[in-house]
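>>> I'd like to go over a predicted model; first the sequence, then the structure.
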Amino acid sequence: MTKTTDVAIIGGGVIGCAAAYVLAAAGVRVVLLERGEIACEASGEAAGMLAPQAEASDAGPFLALGTASRDLFPALADALREETGLDVGYRRDGTVYPCVNEEEEAEARQRFAWQRERGLPVEWWDAQDVRKAEPGITPAVRGALFIPGDHHVVSGTLTRALAVAAARRGVEIREGAPVTGFVRDRKRIMGVKSVGTTVSAGRYILAAGPWSAQVGYLLGLPVPVLPVKGQLCMAGFLQGGPRHVLYSHLAYMVPRPGGEVVLGTTVEFAGFDKQVTVGGLRGILAGACALYPAVAEAPLRRAWAGLRPYTTDELPLLGAVPEVEELLVATGHHRNGILLAPITAQLLRELVVGGRASVSLEPFRVDRPLPPAPVEAR
């Protein structure tokens, strides 16, 4: 059976669902193929931080892309609530970036200086300010950056809301539909094969996260993405939990409704292994307890791991593929898929509908020179 459509999207994580949602709003017919279920991988369980200023080490292409995407979230959260009735948990409490030793304070003050120079919203809090805002934080805290614009969402709800809204806009979503091959006419893609069907489209979007390299292999196309495991866990606070996202070298803590707090994370080159390990949790919990001592008394609700799509320069792969005119790539977002989903979807719509993006995608080219992979990933 062959299905004909305008765009076929490979991958039902947050990037694929956001692209489907935005393209459908532009009147584009879309079929989305997901190997498992919507939000069944990292997009469904990520911590949900929208923190480009906390994540960025300099004023490079990631920061520009991240802040542009962060600015799209208020309208997106409102639209999804109106269209689906789902509250994606968008919270504007800001992010606290604490420092507990001299080295961390020097790095934080340097970050404060360059971000302030560029007009980004950022404040310096002394130790007293931090303890007033977060009474449970370690007494060792020396100060903190407060980033009022770095917010957070509930990632799984966001991804599912995008899928529901996309379907209501006419997107055909096929779960349990792994890609098994492609129909080619020399260099052109004529169709993408899945279970029992072939989808023929004018454009194809590869948004398969850590599995993008495997799909690319079916095309004979190198897609330089590696899976990186991130372990997380959730603690429950009856009272006294953190009021803001705490983003630290020790650990991060993301409060959720009802007193639950997500604790993370590890960065492990372990292939496609998603097992939760004693060592991984030990590192997370030790860091979290050092940052926020009351964690030690909080019940551990659950633990899990997800796979993130990593590139060695930690920038996404986004845009056209020179060798294959019909193919667009949107993968490699690593720790920031949730944050970058709205801007990625907007740029994909521009490429599909208008033929060019409103910002330069040169830093995100799939064929750009990349540093070698870390030794542990080889």
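Alright, I've got the coordinates.
>>> where do the helices sit along this protein?
With DSSP state H as the criterion, the chain has helices at 14-25, 42-45, 52-55, 61-70, 73-84, 102-117, 127-133, 155-168, 212-218, 278-291, 337-349.
>>> with distance to Cys233, mean neighbour count and mean pLDDT added, can I get those helices in TSV?
In short, each C-beta sits where N, CA and C put it, glycine included. Compiled in TSV, the helices of the chain are given as follows (distance: least, CB to CB, whole Å; neighbours: other CB atoms under 10 Å; pLDDT from 0 to 100):
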stretch	distance to Cys233	mean neighbour count	mean pLDDT
helix 14-25	21	29	98
helix 42-45	11	25	95
helix 52-55	20	21	96
helix 61-70	26	20	98
helix 73-84	25	16	98
helix 102-117	23	14	96
helix 127-133	24	15	98
helix 155-168	15	24	98
helix 212-218	27	19	97
helix 278-291	6	17	97
helix 337-349	18	26	98
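>>> count of residues packed around the residue nearest to Ala167 when sequence neighbours are not counted?
Take Ala167 and drop its neighbours on the chain: the residue closest to it by CB to CB, 6 or more residues apart in numbering is Ile173, 5.6 Å away. Residues within reach of Ile173, counting by other CB atoms under 10 Å, total 20.
>>> ok, back up a step: out of the helices of the chain, which comes closest to Arg184?
Closest approach to Arg184 among these (CB to CB): helix 212-218, 10.0 Å.
>>> where does pLDDT dip in the protein?
1, 378 (pLDDT under 70).
>>> grab the most central residue of it for me.
Geometric centre of the chain, nearest residue: Gly337, 1.7 Å, by CA atoms, centre = their mean.
>>> is it true that that residue touches Ser43?
Yes - contact criterion CB atoms under 8 Å: Gly337 and Ser43 qualify, at 6.2 Å.
>>> overlap of the contact sets of those two?
Gly13, Val14, Ile15, Gly209 (CB atoms under 8 Å, 6 or more residues apart in numbering).
>>> for the first one, which residues are in contact?
Gly13 is in contact with Ala39, Glu41, Ala42, Ser43, Thr159, Ala207, Gly209, Gly337, counting by CB under 8 Å, 6+ apart.
>>> make it 10 Å
Going by CB atoms under 10 Å, 6 or more residues apart in numbering, Gly13 touches 34, 38-44, 46, 155, 159, 162-163, 207-211, 309, 331, 333, 337-338, 341.
>>> what about the residue nearest to Ala144 when sequence neighbours are not counted, distance to Met234?
Of all residues not flanking Ala144 in the chain, Pro98 sits nearest, at 4.1 Å (CB to CB, 6+ apart). Shown here: Pro98 relative to Met234, a distance of 21 Å by CB to CB, to the nearest Å.
>>> settle it for me: which of the two has more neighbours?
Pro98 (27 against 20).
>>> wait, the more buried one touches His249, no?
Yes - taking CB atoms under 10 Å as the definition, Pro98 is a contact partner of His249 at 9.1 Å.
>>> verify the stated contact: Val254 with Ser248.
No - judged on CB under 10 Å, Val254 makes no contact with Ser248 at a distance of 11.9 Å.
>>> and those two? Which one has more around it.
Val254 (27 against 23).
>>> for the more buried one, give me its contacts.
46-49, 51, 91, 95, 152-155, 232, 234, 242, 244-247, 260-264.
>>> show me what contacts Phe73?
Neighbouring residues of Phe73 by CB under 10 Å, 6+ apart: Leu50, Val88, Tyr90, Arg92, His151, His152, Val153, Leu158, Ile338, Leu339, Ala341, Pro342.
>>> now these as CSV including distance to Thr138?
Converted to CSV, these look like this (distance: CB to CB, whole Å):
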residue, distance to Thr138
Leu50, 25
Val88, 31
Tyr90, 28
Arg92, 25
His151, 24
His152, 21
Val153, 27
Leu158, 31
Ile338, 27
Leu339, 27
Ala341, 33
Pro342, 34
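>>> widest-spaced pair of those residues?
Greatest spacing in the contacts of Phe73, by CB to CB: Arg92 and Ala341 (18.0 Å).
>>> which parts of the stretch 251-378 of the chain are strands?
For the stretch 251-378 of the chain, applying DSSP state E, counting those that start in this stretch gives strands covering 252-255, 260-264, 300-310, 317-321, 324-331.
>>> closest one to Asp313 among the helices of the chain?
Nearest of those (CB to CB): helix 61-70, 9.5 Å.
>>> report all helices and strands that that closest one contacts.
Judged by 3 or more CB pairs under 10 Å, 6 or more residues apart in numbering; DSSP states H and E, the packing partners of helix 61-70 are strand 49-50, helix 52-55, helix 337-349.
>>> need the ones you listed in a markdown table (columns: distance to Glu376).
A markdown table is the format used below for these (distance: least, CB to CB, whole Å):
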| stretch | distance to Glu376 |
| --- | --- |
| strand 49-50 | 25 |
| helix 52-55 | 22 |
| helix 337-349 | 22 |
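>>> out of these, which is closest to Thr84?
Here helix 337-349 is closest among these (CB to CB), at 15.8 Å.
>>> so how far is the closest one off the chain centroid?
Mean C-alpha position of helix 337-349 versus that of the full chain (CA atoms, centre = their mean, to the nearest Å) differs by 10 Å.
>>> using PDB, write out every CA atom in it.
C-alpha atoms of helix 337-349 as PDB (Å, rounded to 0.1, in the frame of the first residue of the first chain):
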ATOM      1  CA  GLY A 337      15.400  18.800  22.400                       C
ATOM      2  CA  ILE A 338      12.500  20.100  24.500                       C
ATOM      3  CA  LEU A 339      13.900  23.600  24.500                       C
ATOM      4  CA  LEU A 340      14.700  23.700  20.800                       C
ATOM      5  CA  ALA A 341      11.600  22.000  19.500                       C
ATOM      6  CA  PRO A 342       9.600  25.200  18.700                       C
ATOM      7  CA  ILE A 343      12.300  27.000  16.800                       C
ATOM      8  CA  THR A 344      13.300  23.800  15.000                       C
ATOM      9  CA  ALA A 345       9.700  23.300  13.900                       C
ATOM     10  CA  GLN A 346       9.400  26.900  12.700                       C
ATOM     11  CA  LEU A 347      12.600  26.600  10.600                       C
ATOM     12  CA  LEU A 348      11.400  23.400   9.100                       C
ATOM     13  CA  ARG A 349       8.200  25.000   8.100                       C
END
